[in-house]
Structure formats: structure tokens, C-alpha cells
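> need a 3D model of the following:
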Amino acid sequence: MQDFISPGRTVLVPGDPGYEDELRGFQTGFTQRPDAVFAARSAEDVAAAVTYAAAAGLPVGVQATGHGLPGDTEGGVLITTRRMDTVTVDARARTVRVRAGVTWRQVVEAAEPYGLAPLNGSAPGVGAVGYTLGGGLGILAREFGYAADHVRSLDVVTADGRLRHVTADGGELSDGGELFWGLLGGGANLGVVTELEIGLVPVTRLYGGALAFDGRAVDPVAALRAYERWTQTVPDALTSSFAAVPYPDVPALPPRLRGRYVLCVRVAYTGTAADGERLTAPLRGIGPVLDDSLRAMPYAESRTIHSDPDFPHAYYGDSAVLSALDVDAVGELLALTGPDAPSMYVVQVNHLGGALARPRPNAVPHREGRFLVRVLGGVDGPARELLHRALATVEPWTIGRALNFAYGAGGTSGTGGTGAADARGARGLYDARTRKRLAGLKSQYDPANLFRRNYGVAAVSSRA
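The predicted structure is shown next:
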């Protein structure tokens, strides 16, 4: 390993001071025990790590923030990228260059002074690069599409240790568009992306927030039915989701939410506040409102729409992309995962369509989906079993799964990760045509399957 350690380069092995600290991330439910951790500060550090792993025959994983670890791991090489955190905005071109360790919070803050916004997700602490490689379903998704749809170029270290600049059309200084296609939607299975350039949108303000209802006072099925009917009336400029959350009875929560089973509708709309109020008015008919945060807001406050927890914790999850929302079937799912379930579950239904349905030159699949159902729960075996039993209720309408929302279930989220998938593996993450095309790229750029610890492509040709 000494050949790969230069002055200023940090490589840690089990027992070294700092090894355990380097492994810590947002997800606390899974254990990582790599043979070596490369704490990367540059693309050259990443290339050295990949070259070492290839020479040693070890699998490679990547971690920026640790939100999306796919499971417990043992051995291999882990590249941590959180020190690669430079953000550079080109206001004239409406683009931003982000390195591998950048979070969406940093991008939002960097773009705001120019009257621009990224297509970030609901949680500002998620890594921007890994999120985008998995597709990137953001809070403005129905108007602008997936984050992956706006990528202009990527810098990636492939299994041969080479740093490549990749664009859609290739060209004299760029690798071909086929690799560009596969990286966007294929996750971290074709290489380690060290930097990407992505388009920004001219959004400075939103009308958005959430309406919350008491799930024991309001029938969850009736609430969901009202939400589904409402989604048929809204424009593409309005992106929303329906969630069912059993809040624990803890002092840190507001008294109005503490210990309640809460049904809520989250909204982000880029039109005027007056139109936003008009469009969301029918939602108030669902029932008495526990909490109302709908308002005009600067884009910098968009994180408050979902108010995702920002503290490390353990979780397991999976998803189903649906051709239609059968309210009775999802109602059965809500009954299985509701406040009387033996474990705590959070269910979210995202309204898809709009710009998400438009074909783009990348590998993001299942664009015909109308809704996405996501379920989060505990990491123990019984909790996982019930979660998958709940998702089975919508199987007749399921056309696939979302790579970004398969936590511990054979997928990778905002940061990539290393780990062994559960029995679901890569099944359903891609349609047959996309799977075949990705498998061809895997054979071309990673024939030794070096990136087999990152999901989406590794198992495509044999198990997906």
C-alpha cells in the first residue's frame, strides 16, 4: 500500500487512530469494516485508491455523507469524499460545478446570491453527486425533471484508474456519450465521480410548506383519496407528496405533533402566492388542520417544506414506482405500517409525471410512473419483513423501484456506499432495455466488477 500513499494523502486501516471516525456517517443502522479507507481530497487521491483496489482485487465503495449505505459490509476499499467540498457557480451559464463531497445545502447557499437554485432534494445534508447519479427526485421535480436531466458533464475515475471527462456528445476532450448516459441513473457502479457540472434554474421564491392532519381523527384512506383526486387538478409547476408519520412522544417535538399519527401534504410551487393559495385550498377540506406551514418563502427556506431529520440515525427502506395510485391498496399499506404497527414506519407518496415523464439521454428508468411510494422503517429482520409485506400490497401497480430510495435493500442513495444487498438485490431497479445497456457498459468499463459493492449495475446481468 505504501506505493499509493504520498505526502498529504490519508489512508487508514483497522486499528489506526481515526479509522472509526472516518467511517461515521448519517446512517447508523449498518456497519462498515473496510480493509482500507482512503480519505480523498482530490481526484488524484480517488485514482490512487481505485488503482490500489484493482491491484489488490478488492471491491470499491464511496461515501460522502453516509445517507445511503446499502447494508453491512466487510472488507474492500472505502473512499470517503467529504473533504472534496468545493462549489463553483457560473451565473452567466446558470451552472454549478460540485465536487464529490458537496451537500445540497452548500449548493443552495452558493447559488442563492445569483437568483438561482439547484434541483436538490428535501434534505439539505444529502450529498449532491450521489443523489444525482441515482436520478435525483427533487422538490421541483414535476416542473424541471430529475437532477440527472440537467447534468452537463462529469469527471469520473473508472476501474482502470483513469480520470475521464464525460459529456453527452463526447468530443475531442471528452469520453463518449454512452458512458455519460450510464453514469446518470446507473449510480456508482461504473466509476467514482469526482466532480460534475449541473444546470441551475432561475427560482428565487416558492409558495410551499405542509398541511398536517391528525391521522386518528381523519381517515387515512379518505385523506389519501382526496389527495389523489387533487393531484389530477394541479399544474406541472406544483410538486407534492403525501406522508404518514407516527411522531414519537418526545420533548423535542412541538406539543401539537408529539405522540400523534400525522398525515401531511407537502407542496412546492413556483407560481405566485395567490395562485398557490388557490391551488392548495381544496386540501383544507381533508379535515381539521394540526399544523399549517404553507407560505411564500425564499428558496433558501425550502428545506422547511419536509423538515427532514438532520441527526444521524438508523433506517431501512424501499420503494415502488406505480403506474397508478390504487387508494384502497395504499390504504392497506398504511394500515400495516400505521401507529399500531410493532415498529415505527414512515410512508411517503410522491406525485410524479410532468417533466419527470419526458425522455432524456440518461439511464434514469420508469419515467412512465405516476406515483412513487416510499416506506422507511427499522433495520431489524421483523421490521424489514413487514415493510416488504406492506409494499407487496401495491405490487399489481408496481413497475419498478427507485435507486435513490432503496436503503439497505439493494440500492444507493445520496452518497453511494458499500454493502451487500438483501434478497431484493437490484431486482426492479431498471427495465429490461436499460438493464441490458447498463450491463454492456459494465463489461466495457469495469470488466473485473471492481465496483460490485455499489448497487444498480453490479448485479444487472445476472440477478436483476
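> parallel or antiparallel, list what pairs with the strand or helix carrying Q348.
Assigned by DSSP states H and E, Q348 belongs to strand 346-351. In the sheet, strand 346-351 lines up against strand 238-246 (antiparallel), strand 371-377 (antiparallel) (DSSP bridges).
> which non-adjacent residue is nearest D35?
Distances taken as CB to CB, 6 or more residues apart in numbering place G75 nearest to D35, at 5.2 Å, with adjacent residues excluded. Heads up, the C-betas are built off the backbone N, CA and C, glycines and all.
> which stretches of this protein have low pLDDT?
Applying pLDDT under 70 to the chain flags residues 1-8, 171-176, 409-425, 453-464.
> cutoff 80 now
For the chain, the stretches with pLDDT under 80 are 1-9, 70, 170-176, 252-254, 409-425, 453-464.
> center of it, which residue is that?
Geometric centre of the chain, nearest residue: N404, 3.7 Å, by CA atoms, centre = their mean.
> G138 is in contact with that residue, correct?
No. With contact taken as CB atoms under 8 Å, N404 and G138 are classed as non-touching, separated by 10.3 Å.
> measure stretch 183-202 end to end?
Stretch 183-202 has an end-to-end distance of 26 Å (criterion: CA to CA, to the nearest Å).
> on that earlier part again, could I get the strands paired with strand 346-351 as CSV with mean neighbour count and distance to G276?
Listed next are the strands paired with strand 346-351 as CSV, based on neighbours: other CB atoms under 10 Å; distance: least, CB to CB, whole Å:
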stretch, mean neighbour count, distance to G276
strand 238-246, 23, 8
strand 371-377, 24, 22
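> what would those look like in a markdown table with distance to L356?
Converted to a markdown table, the strands paired with strand 346-351 look like this (distance: least, CB to CB, whole Å):
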| stretch | distance to L356 |
| --- | --- |
| strand 238-246 | 9 |
| strand 371-377 | 10 |
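> among those strands, which is nearest N362?
With CB to CB, the closest approach to N362 among these belongs to strand 371-377: 17.7 Å.
> helix or strand right after the closest one?
From strand 371-377 onward toward the C-terminus, using DSSP H and E, the following helix or strand is helix 381-391.
> quick one: the helix or strand just after that next one to chain centroid distance?
The helix or strand immediately downstream of helix 381-391 is strand 398-400, counting by DSSP H and E. Taking CA atoms, centre = their mean, to the nearest Å, one finds strand 398-400 lying 18 Å from the centre of the chain it belongs to.
> contacts for strand 398-400?
By CB atoms under 8 Å, 6 or more residues apart in numbering, the residues outside strand 398-400 that reach it are 320-323, 365-366, 368-369, 391, 428-431.
> wait, a helix at the residue nearest to the centre of the chain?
Yes. Assessed with DSSP: H, G, I helix; E, B strand; the rest coil, N404 lies in a helix.
> now it: closest residue in space, sequence neighbours ignored.
Among residues not flanking N404 along the chain, G134 sits closest, at 3.9 Å (CB to CB, 6+ apart).
> the one you found: neighbouring residues, count only.
32 (other CB atoms under 10 Å).
> with T398 instead?
Neighbour tally, T398, other CB under 10 Å: 19.
> please report how far it lies from D340.
To D340, T398 is 25 Å away according to CB to CB, to the nearest Å.
> one more: A402?
Using CB to CB, we find A402 at a distance of 27 Å from D340.
> and those two? Which one has more around it.
Between A402 and D340, A402 has the larger neighbour count (other CB under 10 Å), namely 26 against 9.
> so that one touches Y131, yeah?
No. Using CB under 8 Å, A402 makes no contact with Y131, being 11.8 Å away.
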